Every structure is written in C-alpha cells, then in structure tokens.
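# here's a sequence, model it:
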Amino acid sequence: MRATILSALLAAGPILSPATASASNGLENGAGDAVTPMPVYDFDPAPLTIQRPSNDRGAFIAQVGEASVATIAQTSPTQYARIDQSGDTNQADVTQSGGGAHYAHASQGGEGNTLDLLQSGIGGQVALVQQSGSLNTMTLEQQGGIVSSGLAAIQLGHDNSMSLLQAGDNNQARLVQNGSGNAMSASQAGENNQLTWIQNGDHLSDLSIAQTGNQVMAVTQSR
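Predicted structure coming up:
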C-alpha cells in the first residue's frame, strides 16, 4: 500500500530538481568553500490536483509489529480511512468529522513515528500520506468547508517533523521531505491556494510558509 500512496503523490506533479548556491568564505583558490542550501521559489507552477481515488467507505487498519497504536474516528458513513502500519512503537491517528465524504490513506513504517491527521467540514477532504523511518512526526489538518480539498505528503528519514493546516476552499498541498533533522510548517487559508514544497537533505531550515487568498507556490530546498 505504501507504493500506492507514493505513486499517487508523484503523479500529482514532478519533483523539482535540487538547487544549491555556492558561498565562499574568502580563502584563496576557493579553499573552504561551502555549499549553502538556498530555497528556490516558483510562483507560477503547474496546476496541482489531488483527487479522491475511489468511492470506498469505512475504516480499515492493517498493523504489523510491536507496541504500535492505530486509531480511526469517523462521524459519517460516507467517509473512508485506512491505516497501514509496520514496525515498532509507531502511532497513527486519523479523525474524520463533519458530514463530508472524507478520504484518508495513511501509511507508516519504521520505529517511533507519530502521525496525526484530522479532516473536517462538509466538503470531502482527500489525504494521501506516507511516513517511513524513525522518530518522525506528521501533524496534518484539513478543515475545509463546502468545497473539497486535497493533500499529499511523504516524509522519509530520521527525526523529521511536518505540520500543515488547511482551512477554507480548494486548498491543495504536496509536501515531500527526505533526510534527517528537517522541519516543515505550512498554513493555507481560504480560496484556491496550492502549495508544492520539497526538501531533500539534512538539517534544513523550516521556511514556515503561510498563504492566504489565491496564492500558488512551489518551493524546493536541498543540501
């Protein structure tokens, strides 16, 4: 199932090429030069669409390992949630509230990871998320309204954190984080926001992006 989520995530748009900028410390012949990660912003990216994969409904948990916990809470018979979890001491919680036909597929593997997904509102929210590695944290919230919105996120590595809050209209988010000791925070509110944010490397700075209105953005940061 993890391969299915990854395929859907990548199908939402191409992963941008890594970009770095060289900064010299002033030594002769470039001795001591360091590569400083510089985020690259694209304010006119290709449209991003994350659709509900099927009309399935219900709650399903598949779990292998020791001392792991998975919970699903739903308030409507039209909602669908699935958690696939493998490894030890992981925790995954999916909460779907409101009357919307929400869809969530969460996959988590490794050790000591935590995933918390909340979907609410009248419009059907869609979330496809994957986390693998150790001691990673994902906190994702889709508040929504009468309009459906989508979210695709993947986090791989060690000791990373990712948080996203979406509220309002047709927000779309695609988050990719790969490495160790990284952090991502993004908040979108209102109308047709779209965000693609990709980080590859270790100990990258949290750009802490917030959008309101009709903003469209793609960001890549690599080390």
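
# do a quick rundown of the helices in this structure.
2-11 (DSSP state H).

# what's the weakest-modelled helix or strand in this structure?
strand 20-23 (a mean of 26; mean pLDDT, DSSP states H and E).

# tell me which residue is most central in this structure.
A153 (2.5 Å; C-alpha atoms, centre = their mean).

# once you drop chain neighbours, what's closest to that residue?
Closest residue in space to A153, ignoring its immediate chain neighbours: L175 at 4.2 Å, by C-beta to C-beta, 6 or more residues apart in numbering. C-beta coordinates here come from the backbone N, C-alpha and C atoms, glycine included.

# residues near the one you found, how many?
A count of neighbours around L175, defined by other C-beta atoms under 10 Å, yields 23.

# if it is in a bridge, with which residues?
Here L175 sits in beta bridges with A153, W197, as judged by DSSP bridges.

# just the one 5 residues further on next, same as before
In this structure, S180 has the following beta-bridge partners (DSSP bridges): H158, D202.

# try A167
A189.

# so what's the residue count around it?
A167 has 19 nearby residues by other C-beta under 10 Å.

# now it: how far from S76?
Noted for A167: a distance of 19 Å to S76, by C-beta to C-beta, to the nearest Å.

# what does E111 give?
With C-beta to C-beta as the criterion, E111 and S76 are 34 Å apart.

# in terms of neighbours, single out the busier of those two.
More crowded of E111 and S76, by other C-beta under 10 Å: E111, with 17 against 14.

# who's in contact with that one?
G87, D88, T89, N90, S134, L135 (C-beta atoms under 8 Å, 6 or more residues apart in numbering).

# mind putting these in a markdown table, pLDDT, neighbour count and distance to P53 included?
Formatted as a markdown table, those follow (pLDDT from 0 to 100; neighbours: other C-beta atoms under 10 Å; distance: C-beta to C-beta, whole Å):
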| residue | pLDDT | neighbour count | distance to P53 |
| --- | --- | --- | --- |
| G87 | 97 | 20 | 24 |
| D88 | 97 | 14 | 29 |
| T89 | 97 | 16 | 29 |
| N90 | 97 | 26 | 23 |
| S134 | 98 | 18 | 28 |
| L135 | 97 | 17 | 29 |
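
# so which of those residues sit within strands?
Taking DSSP state E as the definition of strands, the contacts of E111 contribute G87, D88, S134.

# tell me which of those is nearest to T196?
S134 (26.0 Å; C-beta to C-beta).

# give the contact list for the closest one.
By C-beta under 8 Å, 6+ apart, the neighbours of S134 are G110, E111, G112, N113, H158, D159.

# apply 7 Å and report the result again.
G110, E111, G112, N113, H158 (C-beta atoms under 7 Å, 6 or more residues apart in numbering).

# wait, which of those is closest to Y103?
N113 (21.8 Å).

# that closest one: neighbour count?
26.

# right, and it touches V129 too?
No - counting by C-beta atoms under 7 Å, N113 stays clear of V129, with 11.5 Å between them.

# for Q108, give its distance to Q177.
From Q108 to Q177 the distance is 14 Å (C-beta to C-beta).

# ignore the last one, T71
From T71 over to Q177 (counting by C-beta to C-beta), the distance is 24 Å.

# which one's more surrounded, the two?
Q177 (25 against 13).

# quick one: contacts for the more buried one?
Here Q177 is in contact with Q155, N160, M162, M184, Q199 (C-beta under 7 Å, 6+ apart).
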